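# Below are the sequence and a predicted model; questions follow.
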Amino acid sequence: AQTVTQSQPEMSVQEAETVTLSCTYDTSESDYYLFWYKQPPSRQMILVIRQEAYKQQNATENRFSVNFQKAAKSFSLKISDSQLGDAAMYFCAYNNQGGKLIFGQGTELSVKP
Amino acid sequence: KAGVTQTPRYLIKTRGQQVTLSCSPISGHRSVSWYQQTPGQGLQFLFEYFSETQRNKGNFPGRFSGRQFSNSRSEMNVSTLELGDSALYLCASSRGLAGVVEQFFGPGTRLTVL
C-alpha cells in the first residue's frame, strides 16, 4: 500500500526567508502524481503545486517549487520569500490515477513577521 | 464560476442517529470525492464517484455510504453515528477522473457527534 510521510509536524520561518517542507512516499507504481495542498485556518484545501512522476523537471508556481527525487521517493516543497499569508497546514499527497488521494499527516507552518 | 459547495457547514448529532451531507461540484465537473479529516487519523479517503458510479472506496465500514446524481451532485450518508465519526468531511470535485486532473475542495462540513 502507498504511504506518505511528513516528518516535520511544525516548521517556522521568518517573513521574506525561504523554508523547505519535507515529504517522502512509498509506492511500487511508476506512474503517479504528487501534490502539495495548503489548508489555512478556514479549512479550505488549496492546491499549491502538482508534479507528474514521468516529468523529470521540477514543478514551480511563482514562489513555490518542488525538489522531486523519484529514486529516493522524496518530494519536498520550497517556499521562497515567505509571506504572512503562507501560514497554514501543508499536506503532501500522492495519487496513482485511481482517484484516491493519500495524504501525509501535515506540516504546520508559521511565519514570523 | 462558483466553487464546490457543501451543506450544511456545521452539524451536531447524537450517537445512533444518521446524517446526510451534500456536495455540489463545480459546474461541468463529473467526479466527486469525499474525505474525512480528524486530528488523530488525518485525511482519509472515503469514496469517489464519477458519472453516478462509485469508482473507488476507502477503508470505512458499511455505515458510510454515498451516491451521485445525474447533475453530479453527491450525498454522503452515515448511519448509526458513533463518537468517532466526529470530523470535518471534505468534498472535492474534478472535471475528469480524479487523480489525473486537479481536484478542487469545498469548505467542508463539520460534524459533531455527542
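Great, that's in hand.
# Would you mind giving the secondary structure of the residue positioned nearest the centre of chain A?
Centroid-nearest residue in chain A: residue A:36, 3.3 Å away (criterion: C-alpha atoms, centre = their mean). Under DSSP: H, G, I helix; E, B strand; the rest coil, the three-state class of residue A:36 is strand.
# ok, how many other residues are close to the nearest residue to it once chain neighbours are set aside?
Distances taken as C-beta to C-beta, 6 or more residues apart in numbering or on different chains place residue A:48 nearest to residue A:36, at 4.3 Å, with adjacent residues excluded. C-beta: built from backbone N, CA, C; applies to glycine. Residue A:48 has 21 neighbouring residues, counting by other C-beta atoms under 10 Å in any protein chain shown.
# In space, what's closest to residue A:44 - neighbours in sequence excluded?
residue B:107 (5.4 Å).
# got a pLDDT number for the one you found?
Among the per-residue scores, residue B:107 shows a pLDDT of 94.
# what's it in contact with, if anything?
Counting by C-beta atoms under 8 Å, 6 or more residues apart in numbering or on different chains, residue B:107 touches A:42, A:43, A:44, B:4, B:5, B:6, B:9.
# Where does the residue sitting nearest the centre point of chain B fall, secondary structure wise?
Centroid-nearest residue in chain B: residue B:34, 3.3 Å away (criterion: C-alpha atoms, centre = their mean). In the assignment (DSSP states H and E), residue B:34 maps to strand B:31-38.
# Over to residue A:48?
Using DSSP H and E, residue A:48 sits in strand A:46-52.
# May I see the buried residues of that strand?
Using 16 or more other C-beta atoms under 10 Å in any protein chain shown as the test for burial, strand A:46-52 gives A:47, A:48, A:49, A:50, A:51.
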